[in-house]
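# Dropping the sequence and predicted coords here.
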Amino acid sequence: MFDDIALLPPDPILGLLGRFRADPRDGKIDLGIGVYQDERGRTPVMRAVQGAEQRLLATQTTKTYQGIAGDPEYNERLLGMLLGDAHPALRDGRVVGVQTTGGCGALRIGAEVIRRARPDARVWVSTPTWANHMPLIGGSGLQILEYPYYDPATHGVDFDAMMSALAKVPAGDVVLLHGCCHNPTGADLTLEQWKDLTALAVRTGFTPYIDTAYQGLADGVDEDVAGMRHMMSEVPECVLAASCSKNFGIYRERAGGVYFLTRNRSRAEAVLSNAMASARQIWSMPPAHGAAIVALILGDAALKADWLQELAEVRARISGMRALLARSLEANAAGLDFSFVTRQKGMFSFLGITPAQVTRLREEFGVYMLDSTRINVAGITPRNIGPLASALHAVLAGDGA
């Protein structure tokens, strides 16, 4: 059976993590893996999550299966957080969806439903995009194409090129958008750009597919999804994939959801039936624990207030590390301006250095980042910023120091 199966290369991100863990140097620095870390380099359990888990432990009476669509309270409260409780699409009953195994599961179920509805639809993704978008969506059988997004010269969005390309996307195709905190670049659309993009989608007829995994890590829980909310109030159809891994810090609990905006309530019922059928074929019933945590936090005023406060602390730490990194790289020998780091959003940024410099950082200094130069800003701490800045100054100078 397995004599001729080929050995596949490791996932780039997880492979890098393996190399980092195998590195015996005490001062090694991990800027690769995309999880939040506090000032001591830990990925902590949030206070509200601990409180919710204690309540679950005291009150939970069964471990039986959930329904295929998952926890109804979780779906309702997560949608309220994503769209706002007064969103017209929710009021009109045009949004349906299912709880998923994290954001990855959300993306895959979304792709499966798109394929069921329109097998010839093509999905357009930004250049660059999160690497796992390709296998998650393409693995469903949908064709993937790319549109321009990031401008390395400005370290921001090349919006004119993006709009020019998307103006040619035909009705029936799908455009994947990052809700906020673009992964891997940190370059986000402004609200005005979201409005222009929405008008384009209405005019041309492409279907937006929004991946939002970092709500609350840029400017605020409501601010980060203002563009997405506007778009979903104007377009007739949309797919929304959401993850609770980052903003609730429950990575291993795999809590996500995929939600579908449809033209009317009757179409919503048909779409939901296909989403549930797709989920049944892949994992049957979603895991309960992470979703129950989120539902409790969003449904309890005290837990929610504590969660919002800690999320604000996380956001402030990331912003502070961005500013600290930019200051630490001033007057580098290559004359590069790294102030763009402070204008980008969320956990990630592209440093824009050369592949050879990335290799030197890893091999000579124990600084690990992806070959694309994506760094996890949350991996920077007051303790490691000195060695990190020294290593970067050295490779930018090219002196081997």
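Everything's here; your move. Owing to the predicted nature of the structure, the values given are computational and were not obtained by experimental measurement.

# Give me the below-cutoff pLDDT ranges for the stretch 251-400 of the chain.
Scanning the stretch 251-400 of the chain for pLDDT under 70 picks out 399-400.

# do you know how far the residue nearest the centre of the chain is from Ala305?
Nearest to the mean C-alpha position of the chain, by Cα atoms, centre = their mean, lies Ala213 at 3.4 Å. Ala213 is 23 Å from Ala305, where distance means Cβ to Cβ, to the nearest Å. For glycine as for every other residue, the C-beta is placed from the backbone atoms N, C-alpha and C.

# In three-state terms, label Val395 for me.
Three-state call for Val395 (DSSP: H, G, I helix; E, B strand; the rest coil): helix.

# Just give the nearest non-adjacent residue to it, would you?
Gln357 (4.3 Å; Cβ to Cβ, 6 or more residues apart in numbering).

# So that neighbour lies in a helix, does it not?
Yes: under three-state DSSP, Gln357 falls within a helix.

# rewinding a little: didn't the residue nearest to the centre of the chain look like it was pressed against Phe248?
No: look at Ala213 against Phe248 with Cβ atoms under 8 Å: they stay out of range, at 11.3 Å.

# can you pull the contacts of the residue nearest to the centre of the chain?
Ala213 makes contact with Gly103, Gly179, Cys181, Asn183, Ala242, Ser243, Ser245, Lys246 under the criterion Cβ atoms under 8 Å, 6 or more residues apart in numbering.

# and what of Arg91?
Contact partners of Arg91, counting by Cβ under 8 Å, 6+ apart, are absent.

# what does Cys104 give?
Asn132, Leu136, Gly256.

# Distance check, the residue nearest to Val395 against Arg322.
Taking Cβ to Cβ, one finds Gln357 at 20 Å from Arg322.

# Same check on Gly257?
29 Å.

# Tyr209 too?
28 Å.

# and the contacts of Cys104 as CSV, adding neighbour count, distance to Met81 and secondary structure?
What follows is the contacts of Cys104, written out as CSV (neighbours: other Cβ atoms under 10 Å; distance: Cβ to Cβ, whole Å; DSSP: H, G, I helix; E, B strand; the rest coil):
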residue, neighbour count, distance to Met81, secondary structure
Asn132, 15, 24, coil
Leu136, 21, 23, helix
Gly256, 28, 13, strand
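
# I'd like to know which of the residues you listed is nearest to Leu191.
Gly256 (25.0 Å; Cβ to Cβ).

# what is the closest one paired to in the beta sheet?
Thr100, Ser243 (DSSP bridges).

# Helices along the stretch 1-150 of the chain, start to end?
12-22, 47-59, 72-83, 88-91, 102-117, 133-138 (DSSP state H, counting those that start in this stretch).

# Out of those helices, which is closest to Gln193?
Of all these, helix 72-83 comes closest under Cβ to Cβ, at 19.6 Å.

# Give me the distance between that closest one and the centre of its chain.
Put simply, helix 72-83 sits 18 Å off its chain's centre (Cα atoms, centre = their mean, to the nearest Å).

# list the buried ones in that helix?
Tyr74, Asn75, Arg77, Leu78, Leu79, Met81, Leu82, Leu83 (16 or more other Cβ atoms under 10 Å).

# list the contacts for the nearest residue to the fourth one once chain neighbours are set aside?
Distances taken as Cβ to Cβ, 6+ apart place Gly257 nearest to Leu78, at 5.5 Å, with adjacent residues excluded. Shown in contact with Gly257 (Cβ under 8 Å, 6+ apart): Gly70, Tyr74, Asn75, Leu78, Leu79, Gly97, Val98, Gln99, Thr100, Ala106, Ala241, Ala242.

# biggest separation within those, which pair?
So for these, where distance means Cβ to Cβ, the most widely separated pair is Tyr74 and Ala241, at 15.2 Å.

# separation between Pro236 and Leu189?
21 Å.

# and after whichever helix in the chain runs longest, which helix or strand comes next?
Looking across the chain with DSSP state H, the single longest helix is helix 301-328. Next in sequence after helix 301-328, counting helices and strands by DSSP states H and E, comes strand 348-350.
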